[in-house]
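Asks: I'll drop the sequence and a predicted model, then ask my questions.
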Amino acid sequence: MKPASLSSLLLFACLAVGTAPAITIDLRYDYDSTHFFDQPGAKEALRAVADYYEVLLTDSLQRIDPTGTSNTWSAVFPNPATGAQVGLANLVVPADTVIVYVGSRPIAPAAGQGGPGGYSANGFQPWFDLLNSRGQAGALATPKTDFGPWGGAITFDPSYTWSFSTSGPVDGTTPFVSIALHEFGHLFGIGTADSWDAKISGSNFTGAAAVASYGGPVPLQSGGSHWRDDAACVLPDGYNPSNPLNVLSKAYGSFGALHGFAQIALMDPSSCSAGPFMKVMTDLDLAGLRDIGWQLAPPARWEAVQLAGSPFTFSWPSTTGTTYRVESSTTLSGWSTLTTRAGDGTIQQFSTPKPAAGAAFYRLNTGAAAAATAVGLPHLTPAPPFLAPVEVGGCRVGSSYGQHE
């Protein structure tokens with residue numbers, strides 16, 4: 001786990017304290033035989049999407065390496081260029097790393113398709129457990145409560161007119177960033193992990209974080225791999241506010257989209273490029289990742305700070321499942337909590353009287369407020385010697401509307 005993210009303010013100056021990503025996404029172009037990613041900006045846009053997830057996900061994933069043992073395995077996934085099954089013998093996956101093979105092939109009407117890889121293996125039970133969980137005990141529990149993939153594969157259809165912009169939509173094009181964000185969501189388990197399936201009741205998703213974000217059980221599309229389809233794409237913002245099918249959430253500020261801006265959740269099966277902002281992961285989508293078992297630590301940062309006159313006013317982007325504390329200090333050696341807020345996907349705000357003359361420091365802290373409570377490990381069950389890869393259909397896109405299948 002990486003340390004808690006902090007953002008600090010000294011009088012009229014703001015300091016951001018960065019932390020290193022907890023996971024690394026290793027993008028591999030071995031199967032990009034159509035040279036899709038040779039297009040200007042394509043690799044850069046995909047790297048930006050990978051960087052987005054690297055900052056958010058803080059799980060610790062164990063290394064997969066059969067070297068010097070009697071164990072063997074093959075990483076199994078669909079070739080991004082052909083769709084044929086690939087088996088890579090004894091692939092070494094470093095600790096805290098997810099390997100993603102990318103490429104392109106005709107998959108229209110879908111524009112993107114992706115999911116986690118599977119495996120075949122020989123050896124002993126601890127080896128199977130490692131492959132099935134990468135040290136995430138909940139991935140071996142009954143029912144599953146966590147997910148630890150080695151990686152997977154994503155492919156994009158070459159026939160679309162792609163925009164590789166990372167700052168906003170471009171008229172008449174298919175937004176690569178939106179599609180890639182969605183397909184990475186599947187690779188990380190939304191609609192594909194057993195721990196996702198374990199939280200489906202009837203036609204609803206009942207994970208605690210998603211329910212807290214949405215305000216109740218979240219309706220699913222048939223098949224359970226996506227939020228319910230609103231089946232609309234209209235101006236000004238890409239959805240009809242009076243549509244009873246909407247699964248509406250709040251954008252997680254990124255790629256030019258404003259934090260908290262109302263948006264149909266990205267893991268909806270439809271993609272709509274209508275509106276002023278790129279369609280990005282929303283508070284509900286991130287809550288779904290939490291419910292799968294991922295540990296998320298969205299960076300703590302000030303959205304705005306007002307220090308002219310009194311009171312001082314601070315605002316910050318929040319996410320459901322994260323607790324935010326505004327703290328103050330006069331020495332940097334001890335901190336007092338001024339307010340504690342539960343994240344809800346909005347821009348939150350707090351005001352405090354202007355302090356007396358002298359040094360004053362403020363910080364936004366997302367660390368734990370109290371010592372963690374010990375939790376017993378779930379009951380473990382044997383992992384299988386074979387796990388099939390999963391590939392979920394991506395986005396069928398017209399001029400402004402698409403279908404995630």
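Replies: Cool, the structure landed. Being a predicted model, the structure only gives us computed values, none of them experimental.
Asks: tell me the spacing between residue 91 and residue 325.
Replies: 42 Å (C-beta to C-beta, to the nearest Å). Any C-beta I mention is one placed from the backbone N, CA and C, and that applies to glycine too.
Asks: domain parsing for the protein?
Replies: Per automatic domain parsing, the domain ranges recorded for the chain read 6-296+378-404, 304-365.
Asks: so who does residue 339 touch?
Replies: Neighbouring residues of residue 339 by C-beta atoms under 8 Å, 6 or more residues apart in numbering: 325-326, 350.
Asks: dump the residues you listed to CSV, plus neighbour count, distance to residue 266 and secondary structure.
Replies: Shown next, in CSV, are the contacts of residue 339 (neighbours: other C-beta atoms under 10 Å; distance: C-beta to C-beta, whole Å; DSSP: H, G, I helix; E, B strand; the rest coil):
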residue, neighbour count, distance to residue 266, secondary structure
325, 20, 29, strand
326, 24, 30, strand
350, 19, 29, strand
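Asks: now the helices: where do they sit in the stretch 201-350 of the chain?
Replies: Using DSSP state H, counting those that start in this stretch, the helices of the stretch 201-350 of the chain run over 208-214, 283-292.
Asks: highest mean neighbour count out of those helices?
Replies: The highest average neighbour count among the helices of the stretch 201-350 of the chain, using mean count of other C-beta atoms under 10 Å, belongs to helix 283-292 at a mean of 27.
Asks: show me what it is packed against.
Replies: helix 176-187, helix 194-197, helix 208-214, strand 248-250 (3 or more C-beta pairs under 8 Å, 6 or more residues apart in numbering; DSSP states H and E).
Asks: how about 10 Å then?
Replies: helix 42-56, helix 176-187, helix 194-197, strand 204-205, helix 208-214, strand 218-219, strand 248-250, strand 262-264 (3 or more C-beta pairs under 10 Å, 6 or more residues apart in numbering; DSSP states H and E).
Asks: and the ones you listed: which comes nearest residue 303?
Replies: strand 248-250 (13.7 Å; C-beta to C-beta).
Asks: within its sheet, name the partner strands of the closest one and how each one runs.
Replies: strand 262-264 (antiparallel) (DSSP bridges).
Asks: distance between the partner strand and the chain's centre?
Replies: Taking C-alpha atoms, centre = their mean, to the nearest Å, one finds strand 262-264 lying 16 Å from the centre of the chain it belongs to.
Asks: re earlier: to residue 258, which of the helices of the stretch 201-350 of the chain lies closest?
Replies: helix 283-292 (12.9 Å).
Asks: the closest one to helix 42-56, inter-axis angle?
Replies: 60 degrees (axes from the mean of the first three to the mean of the last three C-alpha atoms, to 10 degrees).
Asks: for helix 283-292, give the mean pLDDT please.
Replies: Average pLDDT, helix 283-292: 98.
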